[in-house]
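>>> Quick check, what structure comes out for this input:
(chains A and B)
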Amino acid sequence: MDNAAAVAEFGQKMLYNIGSVLIGKEKPARLLLVALLSGGHVLLEDVPGVGKTMLARAIAASIGGTFSRIQCTPDLLPADITGLSIYDQKTGDFVFRPGPIMSQIVLADEINRATPRTQSSLLEAMGEGQVTVDGKTYVLEQPFMVLATQNPVEFEGTFPLPEAQLDRFFICVSLGYPTAAEEREMLYLLQERHPIHDLKAVTDPQRVRSLQQAVSRVHVEESVGEYVVRLVQATRSHPQVQLGASPRGSLALFRAAQALAALEGRDYVLPDDVKEVAVPVLAHRLMLKADSVLRGVKGAAVVSALLSQVAVGAERVEDMGS
Amino acid sequence: MNVKSILPALAGVFTAAIVFLAARYASLFSTVLFVPNWLWAFLLGSALESAYFAAYFLTPRTPFTVRLVELALWLGPIYLLVGRSPSAFLWPACLTAVCWLLARGCGLELSRLEKVADLIGDQGASTVSWEYESLTSMGQDELALGFFWRRVIACAAAVVVLAVAAHRREVKAAGALLLELRLAGGTAAASGLALLGGAYLFRLQTLWACAKAAVDPALPREWLRNLAIIVALSLALVYLAPIDYSPVTADTVGRLLAAVLSRGVELPELPKAAPEERPSFSQSGDPLPEVDSVGLGGIILTAMYLLLVALVSAVLLAALGFILFELTKGEIERLRGLPRLAVQVYAAVRRAVLQVLAALGRLKSIKPIKGQAIFPGQGEERPSEPSADRDSPPERGVRALLLQIARQAGKKGLVFRRSQTPWEYGQALRGQFFPNEEVVGEFFQGYQRARYSRSGLSGAEEERVLAAGTQILNRVREWKGDEKDG
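You can find the predicted model right below:
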């Protein structure tokens, strides 16, 4: 079995597993898999009660890695996340107690309720895959993935994520409400016992690491790479955008397209893959101008508009001759 | 060395010189506006005192009465020197107060520039970084050095307006007055330029101090030395260069404006309009001629005049809007009626200018296009053009076949837009020409492998895909609009 086929099989198993817990969330779940295979972190942004936390738990249970959850509150301290050294009276020495960040899948629930100081303590872990406490650096076990959730409608007592931290989230996913049929099915599915408790792992962290490496080898033809660059550059000159996507955004878009192609069983990327992941990868990285924000313009709308404007660069007319 | 110690002096000299110039030009219009020579000492003194006091001692907690006493200390002696005559006191007092206030603004701005760490945010001086500073200075005028730039430009514009107005009234300055005007103009230009450069250096010194950057102490001295050289060269150029080498001089501009505002513009390309039928907007208050009697030239002239009036009104409104916008710190909800309209005009003008600048920037970034794009998408923006394909132009094979299909389908109305992927175009083709056929999917899947995969198509696969593509091409060629559903 070649690499792409192995990734596709992994994706099907994971989607089936997640689908047994969450009804009708296949598209967000696929995007989460894209982030997982790309080694990125995910920001789940939606109203309460649509399954953000459950989706994160299902992913963690499906890959069989270590999982921890941080319920972010205004009084949460950085040491509550990274861990701290405690004085051991018996040995007369300081002993490091690892925090929840030392797990492979970390769910930071309602991240915007934590103070900026605490939020920033996640930066090093998300960006570098390591944590420094008391001058000592601890390398985090791979695969490492932060799944953060935030509620976009309730702002009282919250601290909006700084741009630097938003940029470190590989994708931003919104789940949305289920349809009536899906909601009915969910009611009966959860009638007796929540299936999350019975969810079995379909793979293991070692396997996920090898699949991540396989994804990085998916072929991206030169014109597709140029399309990625054009798209990201277009965000920087858009009249409604104050600060466009960063080079980290280009890398994320490139990598996400690779992961999506692999999940489709292909060992090459299409421009369609880039288009499909462009909104979740780029929209949250844009800092819109104040007047655009006041007019209710969203980053997703800007990226969607750019997708219908930026040239894909497949073929050109002069190639036809006369 | 800290450049702050000399900046208030420059601001004071600049302000006094500008007020001096304005007062001198104003005195050309009316003898009532004449000012005695001793007033210049008061102007300079009040400007220097105001700038230094604001830069070093004034705080938001300073009682307002201190300011009033400060101003009164300058106005009191003037009142005594003019013989306690209120009518004679009014004009010198106005000039002194204006000079004092203008210098106060400069001093306050210098004081504010020094508090960059407080303005940047709650992270304080320890996190001041060049990156952050450059970002925050980009779009926010209150953090940048725009104040001094605007101040110098506005003062220069005001003096130019007075000079043009004096020219229009054919008031000639000669002799000692001309010398005074030249000296004041030179002083204003030199101190204004030095103020701009010095304020920038002061900003840098503040940032260096906040960021604890180790900077060569000789750098500020070199900066000031070079600034002095540049200012001296500029002044030398202004005074020594032949001033009549350009056809666009203050003289010609003044004459043109005077002609437009008083008698109208000559329109030699409109021979039908007889000279006596030209509209006359003379200052004697002649009524506007009937449109029918003046012909096309009169109509154009009237339209131009109205356009000019509208333009001047818009500029005045925009200027007023700018002032109100600054005063209200952008909270235009506080304003009603005309003030709000002025702010909206200002916002519209600013937006238009920014859009024009952005469009120019985009034009710059677009590379020249070799030939016409294959798939001309109407009304699409072009953020940038794709570079040439990595492969040579396809003369045969699957890619060439797609081009032929696209060209034929384009003739039938289904244009391959630049922003469409081949697969999206295939879906559009299927909807238009092949509602129930899988041949489109077969061809486009093959195309994708040929175009984007590393391995490409094998011989047999390519034959099959080419056969599907040929079938599509023939179908598109034969297609007529009325058989869409067939």
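>>> got a list of what B:Gly446 touches?
Counting by CB atoms under 8 Å, 6 or more residues apart in numbering or on different chains, B:Gly446 touches B:398, B:457, B:461-462, B:464-465, B:468-469. Placement of C-beta: from N, CA and C, glycine included.
>>> The stretch 101-250 of chain A against chain B: which residues are in contact?
For the stretch 101-250 of chain A, the residues in contact with chain B under the definition CB under 8 Å from any CB of the partner chain are A:219, A:221-224, A:226-227, A:230, A:233-234, A:237, A:239, A:242-243.
>>> Return the subset of the residues you listed lying in strands.
Where these overlap with strands, as defined by DSSP state E, the overlap consists of A:242-243.
>>> quick one: which of the contacts of B:Gly446 has the most company?
With neighbours taken as other CB atoms under 10 Å in any protein chain shown, the top of the contacts of B:Gly446 is B:Gly469, carrying 25 neighbours.
>>> ok, that one - contacts?
The neighbours of B:Gly469, taking CB under 8 Å, 6+ apart as the test, are B:398, B:401-402, B:405, B:443, B:446-447.
>>> For chain A, state which of those residues is nearest.
Distances from the contacts of B:Gly469 to chain A were compared by CB to the nearest CB; the smallest belongs to B:Leu402, at 6.5 Å.
>>> tell me which element that closest one is part of?
When secondary structure is defined using DSSP states H and E, the element that contains B:Leu402 is helix B:398-411.
>>> Just grab the bridge partners of the residue nearest the centre of chain A for me.
A centroid search over chain A (CA atoms, centre = their mean) returns A:Val42, at 2.1 Å, as the residue closest to the centre. With DSSP bridges applied, the residues forming beta bridges to A:Val42 are A:Leu147, A:Ile171.
>>> Verify the contact between it and A:Val146 for me.
Yes: using CB atoms under 8 Å, A:Val42 is in contact with A:Val146, at 7.5 Å.
>>> Find the residue closest to the residue in the stretch 51-200 of chain A that chain B sits nearest to in space, skipping its chain neighbours.
Of the stretch 51-200 of chain A, the residue with the smallest distance to chain B, taken as CB to the nearest CB, is A:Pro116 at 9.5 Å. Spatially, and ignoring its direct neighbours in sequence, A:Pro116 is nearest to A:Phe159 (5.4 Å; CB to CB, 6 or more residues apart in numbering or on different chains).
>>> tell me the SS of B:Ser455?
Of the three states, B:Ser455 takes coil according to DSSP: H, G, I helix; E, B strand; the rest coil.
>>> ok, and the closest non-adjacent residue to it?
B:Arg449 is the one closest to B:Ser455 (CB to CB, 6+ apart), at 7.7 Å.
>>> and if you look at B:Leu81?
B:Leu81's closest residue in space is B:Trp38 (CB to CB, 6+ apart), at 6.6 Å.
>>> Could you pull up the mean pLDDT of stretch B:470-481?
For stretch B:470-481, the per-residue pLDDT values average out at 78.
>>> buried set for it?
Of the residues in stretch B:470-481, those buried under the neighbour-count criterion (16 or more other CB atoms under 10 Å in any protein chain shown) are B:471-473, B:475-476, B:479.
>>> Is that stretch positioned near chain A?
No: judged by CB under 8 Å from any CB, stretch B:470-481 stays clear of chain A, getting no closer than 12.9 Å.
>>> And the contacts of that stretch?
Contacts with stretch B:470-481, where a contact means CB under 8 Å, 6+ apart, come from B:401, B:404-405, B:408-409, B:412, B:429, B:433-434, B:439-440, B:443.
>>> related to what we said a few turns ago, and which of the buried residues of stretch B:470-481 is nearest to A:Leu32?
Closest approach to A:Leu32 among these (CB to CB): B:Ile472, at 37.9 Å.
>>> what about the closest one, distance to chain A?
Between B:Ile472 and chain A the computed distance is 15 Å (CB to the nearest CB, to the nearest Å).
>>> got the contact list for the nearest residue to A:Arg57 once chain neighbours are set aside?
For A:Arg57, ignoring the flanking residues on the chain, the nearest one in space by CB to CB, 6+ apart is A:Ile196 at 5.8 Å. For A:Ile196, the contacting residues are A:21, A:54, A:57-58, A:61, taking CB under 8 Å, 6+ apart as the criterion.
>>> hang on, the earlier thing: so how far is A:Ser210 from the residue nearest to the centre of chain A?
A:Val42 sits 21 Å away from A:Ser210 when distances are taken as CB to CB, to the nearest Å.
>>> wait, which of the buried residues of stretch B:470-481 is closest to chain A?
B:Leu473 (12.9 Å).
>>> residue contacts, the residue nearest to the centre of chain A?
If you count contacts by CB under 8 Å, 6+ apart, A:Val42 has them with A:31-32, A:35, A:145-148, A:169-173.
>>> ok, now with 10 Å
The neighbourhood of A:Val42, defined by CB atoms under 10 Å, 6 or more residues apart in numbering or on different chains, consists of A:28, A:31-32, A:34-36, A:52, A:55-56, A:59, A:145-149, A:169-173, A:280.
>>> now A:Glu9
Residues in contact with A:Glu9, defined by CB under 10 Å, 6+ apart, are A:1, A:202-203, A:211, A:263, A:265.
>>> can you list the domains in the chain?
Defaulting to chain A. Chain A is divided into the following domains under automatic domain parsing: A:1-213, A:218-313.
>>> I was thinking of chain B, sorry if that wasn't clear
Each domain of chain B is listed here as a residue range: B:3-251, B:263-364, B:398-483, per automatic domain parsing.
>>> that older thread, from the contacts of B:Gly469, keep the buried residues only.
For those, a burial check counting by 16+ other CB under 10 Å picks out B:398, B:401-402, B:405, B:443, B:446-447.
>>> could I get these as JSON lines with pLDDT?
Putting the buried ones among the contacts of B:Gly469 into JSON lines (pLDDT from 0 to 100) gives the following:
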{"residue": "B:Val398", "pLDDT": "80"}
{"residue": "B:Leu401", "pLDDT": "83"}
{"residue": "B:Leu402", "pLDDT": "84"}
{"residue": "B:Ile405", "pLDDT": "84"}
{"residue": "B:Phe443", "pLDDT": "84"}
{"residue": "B:Gly446", "pLDDT": "86"}
{"residue": "B:Tyr447", "pLDDT": "86"}
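>>> Distance to B:Arg150 added to those, as TSV?
Supplementary listing: those in TSV, determined by distance: CB to CB, whole Å:
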residue	distance to B:Arg150
B:Val398	61
B:Leu401	62
B:Leu402	57
B:Ile405	59
B:Phe443	63
B:Gly446	63
B:Tyr447	58
